[in-house]
Every structure is written in C-alpha cells, then in structure tokens.
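A.B. asks: Let me see the structure of the following:
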Amino acid sequence: MRKVSLEQKPRYISLPKHHDRVEIPRISPLHDSDTLTRDNWRNKETISHVNFSMSSDEMGENSVLNQCESPLMLRTGSMMPGITLDGEVFQLSKTEIFDAIIHILSCSALDNPNYLTIIKDSPNGTLQFILHFIEKKSCEQIYKERAVLLKCLYSSNMCSEKQKSNDVHMINLTGTLSTTWETCLDNEPSLYCAYECELCGSYITLLPVLTVDTNLILRKGFEALNEGLHFYHYLTKVKCQQEGCPEMCTVTAYPNFHICIYLDVRRNDRSHTKIQCKLQNFPKTLELKSLPGQYRLQGIVSESSDRTVAYCLRAEDHWELYDGYSMIVETFDSSGVINPCGAIYIRT
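C.D. replies: From the prediction side, this is the model:
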C-alpha cells in the first residue's frame, strides 16, 4: 500500500459508482513501492492524456499482423519488430503480464455491458487502450498504441542500444502481476482504503491488489479463496499511514468494480515452488465480507518457466487460453492444470 499525504489545497475524489458518494481529500504519494520510481508516477499522472493517433507513414511500417491470427489477441512484445514513434524506434520486451491483463479485461468488457460502460467513464490510460483494442482489434495501430502507452508508463525502465547503426529504445516490463497492475491501473486499484485520523483527518490510500492467507490456501486449496482473502470492510486501531503520525485510525475499505488477487502461494519446503491447481478449483463468484453483491471470476493469469498466459472465463461459461506466442485463441478444459499467479474478478 502506498504511503500518502494530503495536498495543501485538498481536491476531492469519489469512490466507485456502486458506492454512495464519499468525498475525501485527494492524496499524492510520498513513496512508491520498491519496484516503482517517482518518475514513473509523474508519467502515470498524465497517462489519461496520451495521444494515440498515428501518422499514415508510421502506420505503414512494421507490418506483422497475420490474417490467420485471432483479432483479439496481442502478440507479445519480444516477438514484434521495433515500433517507430516520432522517428524513434522502440522495442518492447516482457509484455506478457500486461497483455494477460488486457486480454482478461477486454473479454470482461465484451461479455459484461456494465463493465464496458464503467471503463468508458474511466480516465485510466490502460482502460482506454482496452476500449480501442475492442474497437480496432489486433492491428498495426493497436500495436503502436500499446507502445505509446508503455513508453509513458515505463519510462524509467527504458534504455538505448545501438542496432544496425540505429538507436533502439528498449522498454522492459519485468515485474510481477502485482507491480504491473499497480503501474498500469494506478488510479483504478482493487481497493480504496478510507482512513480517519484524529490528527491527519480523512485520506485515502490505494491498494492495487488483494492477497490471500497462503497457509490456508496450502491446506484447503484455491476452493477456499473466499475464506482466505485478506479483506475487511471496517477496521479499528490501524496505524496511520502518514509519515511520523503516531495515531491509530479507523479504516473503511471500498472494493473497486474490478479486483485483482495476487496468488504467490508457495510450498513450505525446500523447493519453495508455486502450487498448481485446476481452473475448476477457483470459485466462480466471490462475496466480500460485510458487503452486498458478488464478484464474478473473469480470468486467471498463469506463469510457467518460459511464458505468462491468460485464461479467460467467457459469458458462455467456457475457458479460453490467450497466449501471445501462439496468437490463436484456444478453448481450454477446466480440468487442465495451471500455475496461477493471479485471479481477476468483476462486480456483477
């Protein structure tokens, strides 16, 4: 969770539409997580203003789309040639986790009209990219737009290399599902935590992803995800997140319209390997403690030794495998064994 401070002249933000309006001073970060930098945050603040338009000359370069490929599949960045933006060449690598998130949320928007309406109203650059992806499918302009977006989000991860007498800007998205969600959906976290402090007043911190009780999951499996989820709607006697404040606060947690659950569950032995499971082991609905309504399972992000893929649960209740290396959407049996690193649920 980011540490935050109130601005000198507080502005106000609203919690997601499915909650009653609660006006709380807007916050700005003091410290990012150890995988993010202040430069990244500055770029994320302006990401909703990224211009995705491309010139006709740029659109004509680097043609890679195969007509046999699925129109709603993003090819992983390391399999793409460099993308030319404003006369400079950018090469993307390690985009698999970002692409998996895009695939799951795109399928969610296609299957759930309410979610589509919600993301249309969001200023988040990644969600706006999803709208363009749904509209334009997998095409040259979409790959350009992905490069524009990631150039802004990961500017601090960029380095230049000399290739065939040209400078190529390398953008590496190395990270976990948690850090990727935090970077790309910074203002659309899984949870808004509203603090009430006698000294500092009211403020909000953003929790990008939810976590689980790993010992419980190891004992009972992912079938117990509801029970093992670290979520409490209301807490008392929580230490204030403001730097140097000794007070204890009350905290009210408000889940967003989508929640991402980070599943880094490893065995308690020498191997320390992540546990495997079947897709059918995951509960298809979640009921968050003390809150009405349900969240429907939309997809699982899975990691193996050589790649990260997305399994999307479609409205017809079947699973689809999205692998940016194969570029063909495959139907996947729910009894198939996977290596989950995260689950994404959408409010119904």
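
A.B. asks: so residue 153 makes contact with residue 183?
C.D. replies: Yes - with contact defined as Cβ atoms under 8 Å, residue 153 and residue 183 form a contacting pair (5.5 Å). From N, CA and C alone the C-beta is placed, and that goes for glycine too.

A.B. asks: So these two - more neighbours on which side?
C.D. replies: More neighbours surround residue 183 than the other of residue 153 and residue 183, with 26 against 23 (other Cβ atoms under 10 Å).

A.B. asks: Could I get the pLDDT score of the residue nearest to residue 214 when sequence neighbours are not counted?
C.D. replies: Spatial nearest neighbour of residue 214, chain neighbours left out: residue 265 (4.9 Å); criterion: Cβ to Cβ, 6 or more residues apart in numbering. We have a pLDDT of 91 for residue 265.

A.B. asks: Is residue 265 in contact with residue 218, as I believe?
C.D. replies: Yes - in this structure, residue 265 is within contact of residue 218 by Cβ under 8 Å, at 6.6 Å.

A.B. asks: Need the residues touching each of those two.
C.D. replies: residue 275 (Cβ atoms under 8 Å, 6 or more residues apart in numbering).

A.B. asks: Give me the more crowded residue out of the two.
C.D. replies: residue 265 (21 against 14).

A.B. asks: residue contacts, the more buried one?
C.D. replies: 212, 214, 217, 218, 274, 275.

A.B. asks: what about 6 Å?
C.D. replies: 214, 217, 275 (Cβ atoms under 6 Å, 6 or more residues apart in numbering).

A.B. asks: most neighbours, which of those residues?
C.D. replies: Using other Cβ under 10 Å as the neighbour test, the contacts of residue 265 are led by residue 217, with 20 neighbours.

A.B. asks: Which other helices and strands does the helix or strand it falls within contact?
C.D. replies: According to DSSP states H and E, residue 217 maps onto helix 214-220. For helix 214-220, not one helix or strand is in contact under the criterion 3 or more Cβ pairs under 6 Å, 6 or more residues apart in numbering; DSSP states H and E.

A.B. asks: Would you mark the buried spots in the host helix or strand of residue 149?
C.D. replies: Using DSSP H and E, the element containing residue 149 is helix 140-153. Within helix 140-153, the residues that qualify as buried are 140, 142-153, counting by 16 or more other Cβ atoms under 10 Å.

A.B. asks: Please, where are all the helices along the stretch 201-348 of the chain?
C.D. replies: Assigned by DSSP state H, counting those that start in this stretch, the stretch 201-348 of the chain shows helices spanning 214-220, 225-228.

A.B. asks: if we look at the last one, which residues are touching it?
C.D. replies: Meaning helix 225-228. Taking Cβ under 6 Å, 6+ apart as the rule, helix 225-228 contacts 212, 213, 216, 217, 283, 286.

A.B. asks: CA atoms of that helix as CSV?
C.D. replies: Written as CSV, here are the backbone C-alpha positions of helix 225-228 (Å, rounded to 0.1, in the frame of the first residue of the first chain):
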residue,chain,number,x,y,z
LEU,A,225,-10.3,-18.4,-1.8
ASN,A,226,-13.3,-16.6,-0.3
GLU,A,227,-12.3,-17.6,3.1
GLY,A,228,-8.6,-16.9,2.6
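
A.B. asks: in it, what counts as buried?
C.D. replies: 225, 228.

A.B. asks: Just the mean pLDDT for stretch 233-251, thanks.
C.D. replies: 95.

A.B. asks: Any buried residues in it, and which?
C.D. replies: So for stretch 233-251, counting by 16+ other Cβ under 10 Å, buried means 238, 240, 241, 242, 249, 251.

A.B. asks: chain center to it, what's the gap?
C.D. replies: 27 Å (Cα atoms, centre = their mean, to the nearest Å).

A.B. asks: How about stretch 209-227?
C.D. replies: With Cα atoms, centre = their mean, you get 20 Å for stretch 209-227.

A.B. asks: End to end on it, go ahead and measure it.
C.D. replies: 17 Å (Cα to Cα, to the nearest Å).

A.B. asks: do stretch 227-235 as well
C.D. replies: Stretch 227-235: ends 18 Å apart by Cα to Cα.

A.B. asks: Go through stretch 71-86 and flag the buried ones.
C.D. replies: Applying 16+ other Cβ under 10 Å to stretch 71-86 flags 72, 73, 74, 75, 76, 77, 78, 80, 82, 83, 84, 85 as buried.

A.B. asks: distance between the ends of that stretch?
C.D. replies: Terminal residues of stretch 71-86 lie 26 Å apart, using Cα to Cα.

A.B. asks: heads up, I number from 122, so please use that
C.D. replies: Noted, 122 is the first residue going forward, which turns the last one into stretch 192-207.
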